[in-house]
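> What follows is a predicted protein model with its sequence.
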Amino acid sequence: MTDVHKRYGDTRAVDGVSLTVRRGEFLGLLGPNGAGKTTLVEIMEGLRQADAGTVGVLGTSPWPRNLALLPRIGLQTQASAFFVRLTAREHLRTVAALYGAARDAAERTLAMVGLTEQGDTQVEGLSGGQRQRLAIASALVHGPELIFLDEPTAALDPQARRDLWQVLRDLKGEGRTIVYTTHHLDEAETLCDRVAIIVNGRITALDTPARLVAAGSGNTRLLVPADRLTEARARELPGVLDVQVDGDVVVLETTEAGPLLSAVEAVAGLQGVRTRTASLEDVYLQLTATGDR
Ligand code: ADP
């Protein structure tokens, strides 16, 4: 897409976005609530019309609603619709049939998202996390080339989240393209080939997680139990750039962890001291700090 704009009244939800997603790429869209992620994805999906700019999806235009694209793309949204009176299996078979997918596709996809045991449970009897997995299954059942997922891991417990990561990695391994939004930065760092950080309708950063982290401050943080080191004392240690108290730990920021570790050892001992190198979350927080609406 090139120079895409979308306004709602005075709100510039998408404010001049140019973005190319490569085939087979796993792209993460990150940004605070209201940044414009959903609007952007809906424009790619053909659910919303851009006010200006050009959009191409799989070599064609998604707007006006392009029926030829539907079998080739898979959508999971926050408001995914279900046939609530059907069982999970019946629901998925129905979706599969709508797309003309192979007969065994529903069963395979149920297994893929770990819902085989819930196959005979009515949709309205599924837990929130199970429904979410069914919504994801509904986006995948017809084997689309391009998959859009909107916070797919939001309602999942830690194990289900890890399981879904594997599903997503497998899909990528099959050469499918995945565009997804998430608020889990650790997850984006692990899964995505590239992430776009969106603030106020614009892309403020777009690169591989590793390059974004490397371009960030690169500082290391030492986390020291607060009962062993006061904030004032921490500020006097050599090489300390910044000190923050975060609950029961004092966080010391430095460019050179070695000398500071020795100094901390001398005044507080090293028991319970942890180090944390820069992560995508640090970069994200820097870039979005002033961007919240
Ligand atoms: P995100 O997905 O990043 O949270 P959205 O794309 O949902 O962001 O929203 C971007 C901005 O556009 C927000 O300020 C939101 O309030 C506004 N907005 C989104 N959808 C509509 C709509 N249908 N009508 C009016 N304003 C909207």
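Alright, I've got the coordinates.
> How much space separates Lys37 from Arg108?
30 Å (Cβ to Cβ, to the nearest Å). (Each C-beta comes from the backbone N, C-alpha and C, glycine too.)
> Quick one: distance of stretch 66-84 to the chain centre.
Distance of stretch 66-84 from its chain centroid, counting by Cα atoms, centre = their mean, to the nearest Å, is 19 Å.
> nope, stretch 222-241 is what I meant
The chain centroid and the centroid of stretch 222-241 are separated by 34 Å under Cα atoms, centre = their mean.
> Same check on stretch 89-107?
Offset of stretch 89-107 from its chain centre (Cα atoms, centre = their mean): 27 Å.
> Alpha carbons of it, in PDB - could you do that?
Extracted C-alpha coordinates of stretch 89-107, given in PDB (Å, rounded to 0.1, in the frame of the first residue of the first chain):
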ATOM      1  CA  ARG A  89     -16.900 -29.200  14.600                       C
ATOM      2  CA  GLU A  90     -20.100 -28.300  12.900                       C
ATOM      3  CA  HIS A  91     -19.200 -24.600  12.900                       C
ATOM      4  CA  LEU A  92     -15.900 -25.300  11.300                       C
ATOM      5  CA  ARG A  93     -17.300 -27.700   8.800                       C
ATOM      6  CA  THR A  94     -19.900 -25.000   7.800                       C
ATOM      7  CA  VAL A  95     -17.100 -22.400   7.300                       C
ATOM      8  CA  ALA A  96     -15.100 -25.000   5.400                       C
ATOM      9  CA  ALA A  97     -18.000 -25.800   3.100                       C
ATOM     10  CA  LEU A  98     -18.600 -22.000   2.500                       C
ATOM     11  CA  TYR A  99     -15.100 -21.800   1.100                       C
ATOM     12  CA  GLY A 100     -15.300 -25.200  -0.700                       C
ATOM     13  CA  ALA A 101     -12.500 -26.500   1.400                       C
ATOM     14  CA  ALA A 102     -11.500 -30.200   1.400                       C
ATOM     15  CA  ARG A 103     -13.700 -32.500   3.500                       C
ATOM     16  CA  ASP A 104     -11.100 -33.300   6.100                       C
ATOM     17  CA  ALA A 105     -10.000 -29.700   6.400                       C
ATOM     18  CA  ALA A 106     -12.300 -29.000   9.400                       C
ATOM     19  CA  GLU A 107     -11.000 -32.000  11.400                       C
END
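> buried ones in that stretch?
Arg89, Glu90, His91, Leu92, Arg93, Val95, Ala96, Tyr99, Ala101, Ala105, Ala106, Glu107 (16 or more other Cβ atoms under 10 Å).
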